[in-house]
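1. Here is a sequence together with a model predicted from it:
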Amino acid sequence: MNKSSDPLRQTVVLASVILAAVGSFIGSGAAGGTPIQNASGGALAADATPIAPDGPAFGIWTAIYLGLIAYALWQLLPAQRTDDRQRALGYPIAASLVLNAAWILSIQFDLLWLSVPVIVLLLVVLIRAFQLTLRTQPKNLIETIVADGTVGLYLGWVAIATAANVTAVLVASGFEGFGLSADLWAVLVIAVAGLVGVVLAIYGHGRLAPAASLCWGLGWVAVARLAGTLLSTPTAIAAIVAVAAILIVTITVRVRTSRSVTSATSATSRSVTA
């Protein structure tokens, strides 16, 4: 990429995070509008489907937005203008922010069907951003937190949100599950979400952020099914099992990766001093 385009990339990222933050503010109902969970006929409410997480789960957006704002400001620094890693990562993050705002608009304008392709595309973009963070190591702790950590947290949450969104649209459209019970469908969807978490753990070499947000979402699904108005013990158990599986695999892979890196570093040191 030509270095002259770097200021444009920095500006696009900043503009995108402002757009997403404003969209989130409006979507939350803070500006007097309808909160997301009450829009589109309440299709995304905590008791709308067995996959819907309880209300407090959405508090994770505060952490995600703070991370995105921090990233947008950090990448404005002169040192990031010609940084190859940020030049690759900036536009996917900007695209995710625009898609995030588009998703909020689709829900607020009762275009529930449109929210599915938007959130699926958002998931694809975040997977791409996650891949880019894995290609090279961050330079320091700040980059680890604001870039890698934010992307991972964002990806993990959108993964479970996609499952909940698709399920909500199917239920709202009158899908009857081909004769299978709602509990069985919920367990199957939770199993897929758990598998996604395991794959992310393995592919991401034990990255903690995607696991944390996925487990956060699944944990609140379990809470909603055990203590909410739409009770489902099988779904809650499946969510708890999925959380345990994701955590075990993530920690195991991370420990093994750390040991491999340590062993490789020690071997290199020995070869240099030999």
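-> Happy to help now that I have it.
2. ok, and the closest non-adjacent residue to Ala39?
-> Once flanking residues are discounted, Ala39 sits nearest to Ile107: 4.9 Å by CB to CB, 6 or more residues apart in numbering. Bear in mind the C-beta positions are built from the backbone N, C-alpha and C, glycine included.
3. quick one, helices of the stretch 1-150 of the chain?
-> Using DSSP state H, counting those that start in this stretch, the helices assigned to the stretch 1-150 of the chain run over residues 6-27, 60-74, 84-108, 112-135, 141-143, 150-172.
4. what's the distance between Tyr65 and Asp83?
-> 23 Å (CB to CB, to the nearest Å).
5. what do you get for Tyr154?
-> From Tyr154 to Asp83 the distance is 20 Å (CB to CB).
6. what's the answer for Trp185, then?
-> In terms of CB to CB, Trp185 sits 45 Å off from Asp83.
7. How about Ala15?
-> From Ala15 to Asp83 the distance is 19 Å (CB to CB).
8. Check Val125 too.
-> 20 Å.
9. So the two - more neighbours on which side?
-> Legend: neighbour count by other CB atoms under 10 Å for Val125 and Asp83, higher for Val125 (23 against 16).
10. so who does the more buried one touch?
-> By CB atoms under 8 Å, 6 or more residues apart in numbering, the residues touching Val125 are 92, 95-96, 99.
11. And for Ile119?
-> Per CB under 8 Å, 6+ apart, neighbours of Ile119: 99, 103, 158, 161-162, 165.
12. Would you confirm that Leu226 contacts Ile237?
-> No: under the criterion of CB atoms under 8 Å, Leu226 makes no contact with Ile237, lying 9.3 Å away.
13. dump the residue contacts of Leu132.
-> Contacts of Leu132 by CB under 8 Å, 6+ apart are 85, 88-89, 92.
14. Go through these and say which is closest to Gly174.
-> Ranked by distance to Gly174 (CB to CB), those are led by Pro92 at 35.8 Å.
15. so how many other residues sit close to that closest one?
-> Quick note: Pro92 (other CB under 10 Å) scores 21 neighbours.
16. How about it, nearest residue that isn't a chain neighbour?
-> Ala129 (4.1 Å).
17. With Gly197 instead?
-> Counting by CB to CB, 6+ apart, the residue nearest Gly197 is Ile246, at 3.7 Å.
18. The closest residue to Ala70 other than its chain neighbours and Val189: what is the separation?
-> Closest residue in space to Ala70, ignoring its immediate chain neighbours: Val146 at 4.6 Å, by CB to CB, 6+ apart. Using CB to CB, we find Val146 at a distance of 32 Å from Val189.
19. try Val118
-> Taking CB to CB, one finds Val118 at 19 Å from Val189.
20. Check Val253 too.
-> Val253 is 24 Å from Val189, where distance means CB to CB.
21. and the two? which has more neighbours close in?
-> Neighbours per residue (other CB under 10 Å) separate Val253 from Val189, with Val189 holding more: 22 against 19.
22. thought that one was touching Thr167?
-> Yes: contact criterion CB under 8 Å: Val189 and Thr167 qualify, at 6.1 Å.
23. Between the two, which contacts overlap?
-> Residues touching both Val189 and Thr167 by CB under 8 Å, 6+ apart: Ile51.
24. Deepest-packed of the helices of the stretch 1-150 of the chain, please.
-> helix 150-172 (a mean of 24; mean count of other CB atoms under 10 Å).
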